[in-house]
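Student: Turn this into a model:
(one chain, ligands or ions: 1)
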Amino acid sequence: MDSFEDAWKVISDYCKSKITDIAYNTWISRIQPVDLDFDNGTAYLLVPNDFHAQTLRRCYMSLLNEGFEEIFGTKFNIEFRTPANAPKKSKPSAAASITTSAATAPLLQSPDSSSYEYTFDTFIVGSSNKFAHAACLAVATNPSHAYNPLFLYGNSGLGKTHLLYAIGNEIKKNDPSKVICYIKGDDFTVELVESLRLAKMNEFRQKYRQADILLVDDVQFIGGKESTQEEFFHTFNALYDARKQIVLTSDRPPKEIKTLEDRLRSRFEQDLIADIQPPDLETRIAIIKRKAELDGVEISDEVCEYVASKIKANIRQLEGTVKKIKAKYYLDGEKPTINSVQGIISDILNNDAPPEVTVERIIDEVARTYGVSADEIRSQKNRSANISNARHIAIYVTRELTTLSMVAIGEEFGNRHYSTIIYTIQKVQKMMEKDRKVKEIIDDTIKNIRDR
Ligand SMILES: Nc1ncnc2c1ncn2[C@@H]1O[C@H](COP(=O)(O)OP(=O)(O)OP(=O)(O)O)[C@@H](O)[C@H]1O
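Tutor: Next up, the predicted model:
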C-alpha cells in the first residue's frame, strides 16, 4: 500500500468525524486516492462521475482542504479525476456481500474505511466486551436459535458495528445463500420517506422482509417518527414470526430510548440485552498491537502502552492514532517514539470533541422526531398544531444546546420577534413540567443531537 492511500484513510476519517454518516457515505467514502504530487502541491482524487466532482467542489472543498492540512500541515490543490480521464484503481476487498440500506448508498464493504474486515478474527476480546462477544458468536453460529432478538448497546466507538458486521460475515461465510440486510436506524427513516414519496413501498417492504438476518445499527434513531416506528414494527414482526434472526445496536438500552413506542421497546427486550463497556488497559494495549499488525506498522511495546494509557474511552480513537502513526511514519520515515506520538494523541483527543451543535442539526433531528419537514419548522406559517409544536420544541432545544441569543434564535426561525421566542421557551418548559412523557421525548431528542 502506498503512503497516499494510508494518508487518505486518515483524511477520510477526519471528514467522517465532521459530517453525517449519510453525507460521508454518499460523497466522501466513494473517493479513491490516485496520486499526490508534492512538487506541484496537487492531490489527485478519483470520483465516480462529473456530477460527484461538482458536488464535492460545491459543498465539500473546505472540509477536504482541512483534512489535507490536518495530515500534511499544508494545503494541496485538489483535482478530481473521473473514470473517463484517469486509470481505474482496484477497489478494496469486500468484507461480505451484505445487502445495503439506501438505494443511493454505496455497497457496504468495509465500514469506517478500514483496511481490514470486521470479523470475529479482528475483534479483540477483553472483560469489557466478552459477554457481548459471546452473545454475538452464539447468534452467528446458531442464527435464530441462540438469542432472538439480540440487542447490543454501548457508547460510541466501542465495537457495536464491528460485532454486527462480524455476525453478518460469519453467517455469510457459513452459508452464502443467506440474505443479510444491514441498515442504520436513520437510513431506514430516510429510505422509508423516499419510498413513500416515490410510491415504492412494496419494494421497500419486500427488500426487508426477504432478509434472513436483519442487522440494525443505531436503532435509537428509529425513535420519534410514528410512520417509521410503525413500519419497523411490522418488519420486525414479519421477520420474527418467520423465525429470522434480528440483531439491534444502540447507544443505550431499550428502556432509555424514550422516543420509542412501548410495543417496540418490549419487542427489543424480548430476549437478550448485552452491553459493551470501555476497554481496560490490557485490552487497549492488545487492540493497538492488533491494529498495528493489521495496518502493517511497527509500534514498540513502550509506545503501545503509552498510547493505551492516554486514550481510554473510545476504540475508534485508538485506531485513529495507529493510522496517524502509520501515515507519519511513511511520510518522515522515523520509527514512532513516545515523543513523536504525543502530538498525534493530543490532536486525536482534541479533534474528537463532539462537533458543534448547529441550528440546522437541531431542526433536522426535531423534524425527524416529530415527523415534519425542516422547512416547515423554519417557515413563518403555523400550518398545523403538529408543525408549530415541533417548531416550539426546536426553539427550546436551540436555546438549550447553543449560545445563540433570543434575537438570533428568532432570526433562525422565520424572523420571529425575540419576545415570541421567550414566550415559546417558557411554554415548552411548562409542557415539560406538566407531562413527563413530553419531557422524556425532548430530553431524548437532545441526547440524540448531542451524541451524534
Ligand atoms: N474489541 C475490538 N477489537 C478490535 N477493534 C475494535 C474493537 N472494538 C472496536 N473496534 C474498532 O473500533 C472502531 C469503532 O468501532 P465501531 O464502529 O464498531 O463502534 P460503535 O460502537 O459501532 O460506534 P458508534 O456507536 O459510534 O457507531 C472500529 O474500526 C472497530 O473495528
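
Student: going forward, measure contacts and count neighbours with C-alpha atoms only.
Tutor: Noted.

Student: all strands for the stretch 251-400 of the chain, in order.
Tutor: Chain-ordered strands for the stretch 251-400 of the chain, with DSSP state E, counting those that start in this stretch as the definition, fall at 272-276.

Student: Tally up the residues packed near Asp217, please.
Tutor: As a burial measure, the neighbour count of Asp217 was computed by other Cα atoms under 10 Å and equals 25.

Student: ok, it touching Phe188?
Tutor: No: with contact defined as Cα atoms under 8 Å, Asp217 does not count as touching Phe188 (10.0 Å).

Student: Please save the CA atoms from stretch 365-379 in CSV.
Tutor: Listed next in CSV are the C-alpha coordinates belonging to stretch 365-379 (Å, rounded to 0.1, in the frame of the first residue of the first chain):
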residue,chain,number,x,y,z
GLU,A,365,-33.4,16.0,14.4
VAL,A,366,-36.5,17.6,15.8
ALA,A,367,-38.2,17.4,12.3
ARG,A,368,-37.4,13.7,12.2
THR,A,369,-38.6,13.0,15.7
TYR,A,370,-41.9,14.8,15.2
GLY,A,371,-42.5,13.8,11.6
VAL,A,372,-42.5,17.2,9.9
SER,A,373,-40.0,18.7,7.5
ALA,A,374,-37.2,21.0,8.3
ASP,A,375,-38.7,23.7,6.0
GLU,A,376,-42.0,23.6,7.9
ILE,A,377,-40.2,24.1,11.2
ARG,A,378,-38.3,27.2,9.8
SER,A,379,-41.3,28.7,8.0
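
Student: Of all the residues in it, which ones are buried?
Tutor: Along stretch 365-379, the positions that meet the burial threshold by neighbour count (16 or more other Cα atoms under 10 Å) are 365-372, 374, 376-379.

Student: Return the set of buried residues in the lowest-mean-pLDDT helix or strand in the chain.
Tutor: Least confident helix or strand, the chain: helix 21-23 with a mean of 73, by mean pLDDT, DSSP states H and E. Counting neighbours by 16+ other Cα under 10 Å, one finds that the buried residues in helix 21-23 are Asp21, Ile22.

Student: repeat for stretch 321-333
Tutor: Buried positions in stretch 321-333, judged by neighbour count with 16+ other Cα under 10 Å: Thr321, Val322, Lys323, Lys324, Ile325, Lys326, Ala327, Lys328, Tyr329, Tyr330.

Student: Between those, which sits nearest Ala84?
Tutor: When the buried residues of stretch 321-333 are compared for distance to Ala84, the smallest value, 29.6 Å, is given by Ala327; criterion: Cα to Cα.

Student: what's the distance between the spatially closest residue to that closest one that is not a sequence neighbour and the ligand?
Tutor: Taking Cα to Cα, 6 or more residues apart in numbering as the measure, Ala327 lies nearest to Ala7, with 5.3 Å between them; neighbours along the chain are not counted. Ala7 sits at a distance of 16 Å from the ligand (criterion: Cα to the nearest ligand atom, to the nearest Å).

Student: residue contacts, Glu226?
Tutor: The contact partners of Glu226, by Cα atoms under 8 Å, 6 or more residues apart in numbering, come to Tyr370, Gly371.

Student: One more: the one 10 residues further on?
Tutor: Phe236 sits next to Ile246 when contact means Cα under 8 Å, 6+ apart.

Student: Okay, it and the ligand: tell me how far apart.
Tutor: Look at Phe236 and the ligand: by Cα to the nearest ligand atom, they are 21 Å apart.

Student: Now name the helix or strand holding that residue.
Tutor: helix 226-241 (DSSP states H and E).

Student: what pLDDT does the one residue in the stretch 251-400 of the chain that gets nearest to the ligand get?
Tutor: Using Cα to the nearest ligand atom, the point where the stretch 251-400 of the chain gets nearest to the ligand is Arg316, with a distance of 4.0 Å. Among the per-residue scores, Arg316 holds a pLDDT of 88.

Student: Please name the residues that touch it.
Tutor: Under the criterion of Cα under 8 Å, 6+ apart, the contact partners of Arg316 comprise Gly157, Leu158.

Student: Swap in 6 Å and give it another go.
Tutor: When contacts are counted by Cα atoms under 6 Å, 6 or more residues apart in numbering, Arg316 touches Gly157.

Student: which of the residues in the helix holding Phe236 are buried?
Tutor: So helix 226-241, judged by 16+ other Cα under 10 Å, has buried residues Glu226, Thr228, Gln229, Phe232, Phe233, Thr235, Phe236, Asn237, Leu239, Tyr240.

Student: so which of the residues you listed comes closest to Tyr208?
Tutor: Distances from those to Tyr208 were compared by Cα to Cα; the smallest belongs to Thr235, at 6.9 Å.
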